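Asker: Sequence and predicted model, in that order:
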Amino acid sequence: MDPTDIRAHRERRLRLALGLNLGIVVVQVVFGLVARSVGLLADAGHNLVDVAAVLLALVAVRLTARRRTAERSFGYHRSTVLAALANAALVLGVTVAIVIEGIRRLVHPSAVHGATVIVVALVAVAGNLAAALAVHVDGHDLGMRATFVHLAADAVASLGVAAAGVVIVITGGWQRLDPAVSLGIAALIAVQGVRLLRAATDVLLESTPTGLDMEAVARAMAGVPGVEEVHDLHAWSLSSDVRALSAHLVMAGHPSLEEAQAVADEVKRTLVAPFGISHATLELECESCSPDGADPCAMEDLTSAHHH
């Protein structure tokens, strides 16, 4: 599918998810206050996080469509990662608020209208599942995956709120179950936030992409005819969709510039399909950087060099 079509497809699905979540938040806040249910209000907070998540994902999708500039030579691919990082911070902030209110209600319980809680929570389950399915098609993108995880977890959380409402209706009591469920939701949100924070941080720190076997990459590159050695190999993610790589290749047999370029082109083709590396920068050498095993190609400590 053309990149433009992919972005348009994502935008349509994100808008649908946004509309569904806004409706859920309004309904849960209104009826949460009516039913005096901190569980519903906590779930509304969870859904409000998803509203922000979808908005950030929409902004990120728009930004990735912008052309690269001299100041941003890789374009705006990292915007999806920044959106995921902002989502993680928001998730953890909402978690703190829910925990504080849940503990307060445990200490000072109040009557909860169980029937109202059941109906509203089940409506939220349906809405969250529909929104999650809307964005599930792009599960490999970090921003879209984060949005899907939030929405799917919200459906589970809403189901827990509905179950608490059933128990309250059947027993005519157990009022502390409602804030207890809200604390369970808070734990669920916190786990999401930490995982998302870790994934976004890995990309920003230019860690090796998850699932990429660097030894296999080096073997595939060294297996191309004309390549004698591969060293100073680095791989990182510009976004969840774009992987980049840089390496030094020692050419076999002292080829001409044209022959060396043909070998480099074949190495780049070798990296695309099995490893998903769409941008490779290769430095071609006639012999290894250092015969004694030291690697002068390694990145210099510019701070130390400056002091010397």
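Answerer: Looks like it arrived, so ask away. Nothing here was measured: the structure is a model prediction, and the numbers come from that model. Residues are numbered from 1 along each chain as shown.

Asker: and the nearest residue in space to Ala222 that is not next to it in sequence, bridged to which residues?
Answerer: In this structure, Ala222 finds its nearest non-sequential neighbour in Val230, 5.0 Å apart by C-beta to C-beta, 6 or more residues apart in numbering. In this view, the C-beta of every residue, glycine as well, is placed from N, C-alpha and C. Legend: beta-bridge partners of Val230 under DSSP bridges are Leu249.

Asker: give me every residue that touches Val230.
Answerer: Ala218, Met221, Ala222, Ala247, His248, Leu249, Val250 (C-beta atoms under 8 Å, 6 or more residues apart in numbering).

Asker: change it to 6 Å
Answerer: Applying C-beta atoms under 6 Å, 6 or more residues apart in numbering, we find Val230 in contact with Ala218, Met221, Ala222, Ala247.

Asker: Neighbour count and secondary structure added to these, as JSON lines?
Answerer: Formatted as JSON lines, those follow (neighbours: other C-beta atoms under 10 Å; DSSP: H, G, I helix; E, B strand; the rest coil):
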{"residue": "Ala218", "neighbour count": "15", "secondary structure": "helix"}
{"residue": "Met221", "neighbour count": "23", "secondary structure": "helix"}
{"residue": "Ala222", "neighbour count": "15", "secondary structure": "helix"}
{"residue": "Ala247", "neighbour count": "21", "secondary structure": "strand"}
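
Asker: now, the most widely separated pair of these?
Answerer: Farthest pair in the contacts of Val230 (C-beta to C-beta) is Ala222 and Ala247. Separation: 10.2 Å.

Asker: Show me the helices in this protein, by range?
Answerer: 3-35, 38-64, 79-107, 114-135, 142-171, 177-204, 214-222, 257-275, 302-307 (DSSP state H).

Asker: what does stretch 258-267 contact?
Answerer: Taking C-beta under 6 Å, 6+ apart as the rule, stretch 258-267 contacts Met221, Val224, Gly226, Met251, Leu282, Leu284.

Asker: Mind checking which of these land in strands?
Answerer: Counted as lying in strands by DSSP state E, out of the contacts of stretch 258-267, are Met251, Leu282, Leu284.
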